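**Q** Can you look at this prediction? I've put the sequence above it.
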Amino acid sequence: MSNRRFVDPILAPLTGAVMLVAIYMVFLYVPNDKAQGLVQRIFYFHVPLAIMTFLAFGVVAVASAGFLWQGTRFWDRLAHSSAEVGMVFCTLVLITGPIWARPIWGTWWTWDARLTTTLILWLIYAAYLMMRTVSGPGDQGARYAAVLGIVGAVDIPIINRSVYWWRTIHPAVLVTREGGSGLSDPRMQWTLGICFAAFFLLFLWLVWVRNENARLRDAVEEMRHEMLTQHA
Amino acid sequence: MLALIRKDLQIEFRTKETLASLLLLGLLTLVVLSFAFDPTSELRVEAAPGALWVAVIFAGVLGLSRSFLPERENDCMQGLLLCPVDRGTIYLAKTVANFAFMMAAQLAIGPIFIFFFNLRVTASLLGVFLSLALGVLGFAAVGTLFAAITVRTRAREVMLPLLLLPLVVPIFIAGVKVTGQLLAAKPLADVAPWLNLMLGFDVIFLVVGWMVFEYAVEE
Amino acid sequence: MENLSFLFAAYAAVWGLLFVYVVVLSRRNRALEREIEELRSLLQRPPS
């Protein structure tokens, strides 16, 4: 495939470069937050990680639908790769979140709507990956996982809404969006933007590497099969 | 489809195994949860809705995991699939049957729930019943789909709850909220948004399940 | 400044986990590539 020659030498260094810029901005460029102080800088990684993990699950859903529709290995590998990478990101969100919350609010876990939804998402990712493990090779397992991918993705917005209402006393009243981050300083906005870009590229690169892994595994399977039939 | 539902109900009536298990497990859960609270404390009344729904979910997962056992054990799945019906119809029939079983169990557990937690029997019980029906329907919709999937998977006793519980969180949250509010004698209008959420959940997942079921049972 | 240790913990966790994941993935990839090479040469050989 021609694009492999294209992607490999470009994506990895590009990701590295942008990430380096992001780190510089988070640690040396952006000013301290007035209210929260130094710890607030976790936010610049925490938020892009969160966005990416939800994006990853979106990819899982689309790839799952594609797999059920077309049945090609391409879609299945993509779904599995995105799920694994998404899981890693999700774990990081759930680690950085409490580390940020502890000094700011005094508790490790606040059951706030977004973090709780992320927790449920993590459980769905875990179920998806477990499903893959117990199913073994073959299309059937892939199909089951695809069903989970689609159902999960449809469910996430509903889960989000229900957890959000759970946290407010009167769900009938329209409550405005939870505590904004108060990004007054444009330098903060820039930093956040670069971090988004950095983690988006990281996501693309990791999915790419993981997908290569899946592709290679499929190739090995094919070759083994060929060997068996050749020497039959 | 009616024939399919009738078939499932008939199988159940013969042994009543599933119904009995649902009942007993639900009961047991309520009892155990009661031990978590001091009988005289205020906390019991507040915790009551939660206890009820935990019992519903626990027992429900068991009932669902058994719902495809007859097909699996006797290799009837092939026979079922040979029927000239749409896969989606099979799904709906199974879901209705599961729903019926769970609701039947709830009818028995409900009064016991009121006993255990010393709740006042007020008119709001109708609302509570409605929320139970909506919740169990949603639970059955998602549960039947994944029961069909996990019945053919390794470690199926673990996989079904693992898959199901995160997915039915909205039902659980809504159910507990509604039950709690209604038992505290709040008007039905207050809980309307939650009931709408449950209704939406039910409709959405009945449709999704109906569309996707064929992939769950394909060989 | 104890807040600094929280900041450090968060970033250490992020980079640690990402690093481990990347290393695991690349090791697996390289092993797979080796295996493909081996299999390829085995397939070239005529059946004995």
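**A** Now that the structure is in, tell me what you want to look at.

**Q** what mean pLDDT would you report for the strand or helix carrying B:I204?
**A** Element membership for B:I204, per DSSP states H and E: helix B:188-217. Helix B:188-217 shows a mean pLDDT of 88.

**Q** Please point out which parts of that helix sit buried.
**A** When burial is assessed from 16 or more other C-beta atoms under 10 Å in any protein chain shown, helix B:188-217 yields the following buried residues: B:190-191, B:193-195, B:197-198, B:200-202, B:204-206, B:208-210, B:212-217. In short, each C-beta sits where N, CA and C put it, glycine included.

**Q** if we look at chain A, which of those are close to it?
**A** B:D190, B:P193, B:W194, B:L197, B:G200, B:F201, B:I204, B:F205, B:V208, B:V212, B:Y215, B:A216 (C-beta under 8 Å from any C-beta of the partner chain).

**Q** Which elements pack onto the helix holding B:I204?
**A** helix A:139-167, helix B:87-116, helix B:125-150, helix B:169-183 (3 or more C-beta pairs under 8 Å, 6 or more residues apart in numbering or on different chains; DSSP states H and E).

**Q** For residue 218, which non-adjacent residue is closest in space?
**A** Going with chain A. Closest residue to A:D218 apart from its sequence neighbours, by C-beta to C-beta, 6 or more residues apart in numbering or on different chains: A:R73 at 5.9 Å.

**Q** Correction: the question concerned chain B.
**A** A:R143 (6.7 Å).

**Q** related to what we said a few turns ago, now the angle from the helix holding B:I204 to helix B:169-183?
**A** 150 degrees (axes from the mean of the first three to the mean of the last three C-alpha atoms, to 10 degrees).

**Q** contacting residues for B:L197?
**A** By C-beta atoms under 8 Å, 6 or more residues apart in numbering or on different chains, the residues touching B:L197 are A:I158, A:R161, A:S162, A:W165, B:P170, B:A174.

**Q** how far away is A:G141 from A:S135?
**A** A:G141 sits 2 Å away from A:S135, going by C-beta to C-beta, to the nearest Å.

**Q** what does chain A put close to chain B?
**A** A:68, A:120, A:123-124, A:126-127, A:130-131, A:134-136, A:140-141, A:143-144, A:146-148, A:150-152, A:154-155, A:158-159, A:161-163, A:165-166, A:171-172.

**Q** Buried among these? Make that a PyMOL selection.
**A** Here is the PyMOL command that selects the buried residues among the residues of chain A next to chain B (16+ other C-beta under 10 Å):
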select buried, chain A and resi 68+120+123+124+126+127+130+131+134+135+140+141+143+144+146+147+148+150+151+152+154+155+158+159+161+162+163+165+166+171
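
**Q** how about low-confidence regions in chain C?
**A** C:1-2, C:45-48 (pLDDT under 70).

**Q** quick one on the thing from earlier: how close does the residue nearest to A:D218 get to chain B?
**A** 16 Å (C-beta to the nearest C-beta, to the nearest Å).

**Q** Next one: that residue, what pLDDT does it get?
**A** pLDDT, read off for A:R73, is 88.

**Q** Same check on the one 10 residues further on?
**A** Per-residue confidence (pLDDT) for A:A83: 95.

**Q** My read is that it contacts A:V60, right?
**A** Yes - the pair A:A83 and A:V60 qualifies as a contact (C-beta atoms under 8 Å) at a distance of 5.0 Å.

**Q** Who are the contact partners of the most centrally placed residue in chain A?
**A** Nearest residue to the geometric centre of chain A (C-alpha atoms, centre = their mean): A:T53, 2.0 Å. By C-beta under 8 Å, 6+ apart, the contact set of A:T53 is A:G86, A:F89, A:C90, A:V93, A:T118, A:L121.

**Q** Max pairwise distance over those residues: which two?
**A** Greatest spatial distance among the contacts of A:T53 (C-beta to C-beta): A:G86 and A:T118, at 11.1 Å.

**Q** With neighbour numbers in mind, choose between those two.
**A** Between A:G86 and A:T118, counted using other C-beta atoms under 10 Å in any protein chain shown, A:G86 has the larger neighbour count: 28 against 23.

**Q** Without its sequence neighbours, what residue ends up closest to that one?
**A** A:A56 (2.9 Å).

**Q** Share the number of residues neighbouring A:T15, please.
**A** For A:T15, using other C-beta under 10 Å, the count is 21.

**Q** Could you do A:T229 as well?
**A** Other residues lying near A:T229 total 8 when counted by other C-beta under 10 Å.

**Q** hang on, A:A214 packs against A:W75?
**A** No - the pair A:A214 / A:W75 is not scored as a contact, 11.3 Å apart, by C-beta under 8 Å.

**Q** circling back: out of the contacts of B:L197, flag the one nearest to C:A31.
**A** Using C-beta to C-beta, the contacts of B:L197 come closest to C:A31 at A:I158, 41.6 Å.

**Q** show me the contacts for that closest one.
**A** So A:I158 contacts B:P170, B:L197, B:G200, B:F201, B:I204 (C-beta under 8 Å, 6+ apart).

**Q** rerun at 6 Å
**A** With contact set as C-beta atoms under 6 Å, 6 or more residues apart in numbering or on different chains, A:I158 has these partners: B:P170, B:F201.

**Q** Can you give me the pLDDT of it?
**A** 92.

**Q** same check, this time on A:T107
**A** Note on A:T107: pLDDT of 83.

**Q** Surely it is in a helix?
**A** No - A:T107: not assigned to a helix; according to DSSP: H, G, I helix; E, B strand; the rest coil it is coil.
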